[in-house]
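Undergrad: Take this sequence and fold it.
(4 chains)
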Number of protein chains: 2
Amino acid sequence: MRGYDKYAFEPFAVTVDLAVFTVRAGELQVLLVERGQEPYAGRWALPGGFVLPHESAETAARRELAEETGLADVSGLHLEQLRTYSEPDRDPRMRVVSVAYTALVPDLPEPRGGGDAAQARWLPYGGTGPLAFDHDRILADARERVGAKLEYTCLATSFCPSEFTLGELQQIYETVWGTALDRPNFRRKVLATPGFVEPVPGAARLTGGRGKPAALYRAGTATTLHPPLLRPEGRPS
Amino acid sequence: MRGYDKYAFEPFAVTVDLAVFTVRAGELQVLLVERGQEPYAGRWALPGGFVLPHESAETAARRELAEETGLADVSGLHLEQLRTYSEPDRDPRMRVVSVAYTALVPDLPEPRGGGDAAQARWLPYGGTGPLAFDHDRILADARERVGAKLEYTCLATSFCPSEFTLGELQQIYETVWGTALDRPNFRRKVLATPGFVEPVPGAARLTGGRGKPAALYRAGTATTLHPPLLRPEGRPS
DNA sequence: TCCTTAATAGTCGTGATGACTATAAACAGC
DNA sequence: GCTGTTTATAGTCATCACGACTATTAAGGA
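TA: Below you'll find the model as predicted:
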């Protein structure tokens, strides 16, 4: 089936969809846009758009991410291909194959309107009605992947600002996994993993709250966790 | 960027590529086809082909898998989406976006020529010259994924026939990971994981070789391994 | 009958981990 | 200043998983 000139083929539209997660106010939130037109007018949808002729899907995803978050520099953000959705009827208008990406970002300011008519907003995960198209499925897949990735990668730091406390890092885990973790054990585990976090040398401390000030850490250079940081209770969400 | 009628979009060709692995003769082998025409005439390539208008990529992948392996029933085989490759110049002729899939199959008979002109063959992983297109990259990604998945899923049984010994299962791990495992420890670990394997009740045993006959097992119902079966030496291949 | 081969059983020490307890350093109120 | 509350950080301890071994069992071959 590789003779290109021998077989006819259907042209497809190719898009990217973005599941952009953040943790704010102690809950997992997702970046969504409100659809202005049919189909699914008025519904929330994942941000995304067409892959342009000269772009790879990855490039298109990063471009869309910049547009939707309003950030000038998205090069530091974690962006990862999730999977591709290609059911023939996933878009009632035409045949659209969509490459979905997952992005993890720290607590950003509310997105400005972007160049787009549709406004983007942070909404709590699960706190929306049904999304447009097959975006509920995409979002669920993305959420599951994020939860799993926290176990065996250092990805949780992507949710944090450049400097953070171990308490904040633990909150990321607890929010994404929906479970409480033992503080001393979490601390021991994180610090025992080389390259996960590194202390900010100048005895910098965080003020503002009550209680003893916490030491600040930066994301380390490691990417994988060995051994993994398994969530309690055998299996995933 | 979701106004479909407002923005022009480029039509893409969408294909699937298959990285089909098996373990035979103590080595990891891949199903490849020889290209008959330019570009890359004479080179080996991953089997694959166009997604037809009425198909999902998954359906197309399963159809291609059946065609290439010559198996009538591929419904039991493990087929999993790997990722999508969309670099604009990955095919010199046209814009082709390819959804890659990974399949794990037991030791099958040599593939017959199929309906295709190009013949398919099992070749040892890494034992081929450079593949056509970006298939070296796809194959390397697939291989890495397979190795990683053996750690935390029960996927190794997909490489085995319906009934197998623990020694055979261990060989799968050793071949894919390229490391030797301690036999008693491997055994203890596998048997301690509920649902990984289940013994074939009729004291069935395997004959043929020297030494004490081994008990036979079937694949269990579990899909994930908790805790994971980590390969020796911190990190992956 | 021995030797070889391979499967299976069991032992032992180390290290990671879960569950706790204890101390330290900040602030709020009195 | 003293006390209590809050949160970070430092330990303790028992359990369990795991790597490294040794031992036993059951076959075939010489």
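
Undergrad: tally of neighbours for A:Ala19?
TA: A total of 27 residues lie near A:Ala19 under the criterion other C-beta atoms under 10 Å in any protein chain shown. The C-beta positions use only the backbone N, C-alpha and C, and glycine is treated the same way.

Undergrad: can you give me the strands in chain A?
TA: Assigned by DSSP state E, chain A shows strands spanning A:13-24, A:27-34, A:44-45, A:48-50, A:78-85, A:96-104, A:120-124, A:164-165, A:197-199, A:216-219.

Undergrad: Most tightly packed of the ones you listed?
TA: Comparing these by mean neighbour count (mean count of other C-beta atoms under 10 Å in any protein chain shown), strand A:96-104 comes out on top with a mean of 25.

Undergrad: as a whole number, average confidence for that strand?
TA: Strand A:96-104 comes out with an average pLDDT of 97.

Undergrad: Run the contact check for that strand versus chain B.
TA: Yes - contact of strand A:96-104 with chain B (C-beta under 8 Å from any C-beta of the partner chain) involves A:Val97, A:Val99.

Undergrad: so what strands line up beside that strand?
TA: strand A:13-24 (parallel), strand A:78-85 (antiparallel) (DSSP bridges).

Undergrad: Can you convert those into CSV and add a column each for mean pLDDT and distance to A:Glu110?
TA: Below are the strands paired with strand A:96-104 laid out as CSV (pLDDT from 0 to 100; distance: least, C-beta to C-beta, whole Å):
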stretch, mean pLDDT, distance to A:Glu110
strand A:13-24, 96, 10
strand A:78-85, 98, 21
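
Undergrad: any chance of these in TSV, plus distance to A:Leu166?
TA: Shown next, in TSV, are these (distance: least, C-beta to C-beta, whole Å):
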stretch	distance to A:Leu166
strand A:13-24	15
strand A:78-85	20
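
Undergrad: How many residues are close by A:Pro201?
TA: 8.

Undergrad: which intervals of chain A have sub-threshold pLDDT?
TA: A:1-9, A:112-118, A:202-209, A:233-237 (pLDDT under 70).

Undergrad: For it, which segments are assigned as helices?
TA: A:57-69, A:135-152, A:166-177, A:183-192 (DSSP state H).

Undergrad: hmm, the shortest one touching chain B?
TA: Right, the one you point to is helix A:183-192. No - figure legend: helix A:183-192 not in contact with chain B (C-beta under 8 Å from any C-beta); closest approach 13.8 Å.

Undergrad: Quick check: which of the strands paired with strand A:96-104 is nearest to DNA strand C?
TA: strand A:13-24 (21.3 Å; C-beta to the nearest atom of the strand).

Undergrad: chain center to that closest one, what's the gap?
TA: 7 Å (C-alpha atoms, centre = their mean, to the nearest Å).

Undergrad: Okay, the nearest residue to A:Thr221 once chain neighbours are set aside and DNA strand C: tell me how far apart.
TA: With C-beta to C-beta, 6 or more residues apart in numbering or on different chains as the criterion, A:Thr221 has its nearest non-adjacent residue at 5.0 Å, and that residue is A:Gly195. For A:Gly195, the distance to DNA strand C equals 15 Å [C-beta to the nearest atom of the strand, to the nearest Å].

Undergrad: Hmm, A:Gly195 is touching A:Gly220, no?
TA: Yes - when contacts are counted by C-beta atoms under 8 Å, A:Gly195 is listed as touching A:Gly220 (4.1 Å).

Undergrad: Show me the one of the strands of chain A that comes nearest DNA strand D.
TA: strand A:164-165 (5.6 Å).

Undergrad: how long is stretch A:168-186 from one end to the other?
TA: One end of stretch A:168-186 to the other measures 12 Å (C-alpha to C-alpha, to the nearest Å).

Undergrad: At the contact with DNA strand C, which residues of chain A appear?
TA: With C-beta under 7 Å from any atom of the strand as the criterion, chain A comes near DNA strand C at residues A:182, A:184-185, A:188-189, A:192, A:205, A:207, A:210-213, A:227-230, A:232.

Undergrad: got the domain boundaries for chain A?
TA: A:13-151, A:153-219 (automatic domain parsing).

Undergrad: Out of those domains, which is the most enclosed?
TA: domain A:13-151 (a mean of 19).

Undergrad: That domain near DNA strand D anywhere?
TA: No - on the criterion C-beta under 7 Å from any atom of the strand, domain A:13-151 is out of touch with DNA strand D, staying 12.2 Å away.

Undergrad: first vs last residue of that domain, how far apart are they?
TA: 35 Å.

Undergrad: so how far is it off the chain centroid?
TA: Computed by C-alpha atoms, centre = their mean, the chain-centroid distance of domain A:13-151 equals 9 Å.

Undergrad: so who does A:Pro161 touch?
TA: A:Pro106, A:Asp107 (C-beta atoms under 8 Å, 6 or more residues apart in numbering or on different chains).

Undergrad: So for A:Gly195 and A:Gly220, which residues contact both of them?
TA: A:Cys154.

Undergrad: tell me the phi and psi of the nearest residue to A:Thr165 once chain neighbours are set aside?
TA: With sequence-adjacent residues excluded and distances taken as C-beta to C-beta, 6+ apart, A:Thr165 is closest to A:Ala214, at 3.8 Å. Reported as degrees, to the nearest 10, the phi and psi values for A:Ala214 are phi -100, psi 150.

Undergrad: A:Ala214 reaches A:Phe164, doesn't it?
TA: No - using C-beta under 8 Å, A:Ala214 makes no contact with A:Phe164, being 9.1 Å away.

Undergrad: quick one: terminal-to-terminal distance for stretch A:49-62?
TA: First-to-last residue span, stretch A:49-62, C-alpha to C-alpha: 11 Å.

Undergrad: hmm, who's touching it?
TA: A:13-16, A:18, A:63-64, A:74-75, A:79, A:81, A:99, A:101, A:103, B:1-2, B:7, B:9-10, B:12, B:84, B:86-88, B:95, B:97.

Undergrad: cool, and stretch A:134-152?
TA: Residues from elsewhere that reach stretch A:134-152 (C-beta under 8 Å, 6+ apart): A:17, A:19, A:21, A:28, A:30, A:45-46, A:82-83, A:85, A:87, A:90, A:98, A:100, A:102, A:104, A:125, A:130-131, A:155-156, A:172-173, A:176-177, A:224-226, A:228-231, A:236-237, B:152.

Undergrad: Run the chain-centre distance for it.
TA: That offset, for stretch A:134-152, works out to 9 Å (C-alpha atoms, centre = their mean).

Undergrad: cool, stretch A:150-166 as well?
TA: Chain-centre distance of stretch A:150-166: 12 Å, with C-alpha atoms, centre = their mean.

Undergrad: ditto for stretch A:179-188
TA: The mean C-alpha position of stretch A:179-188 is separated from the chain mean by 23 Å, C-alpha atoms, centre = their mean.
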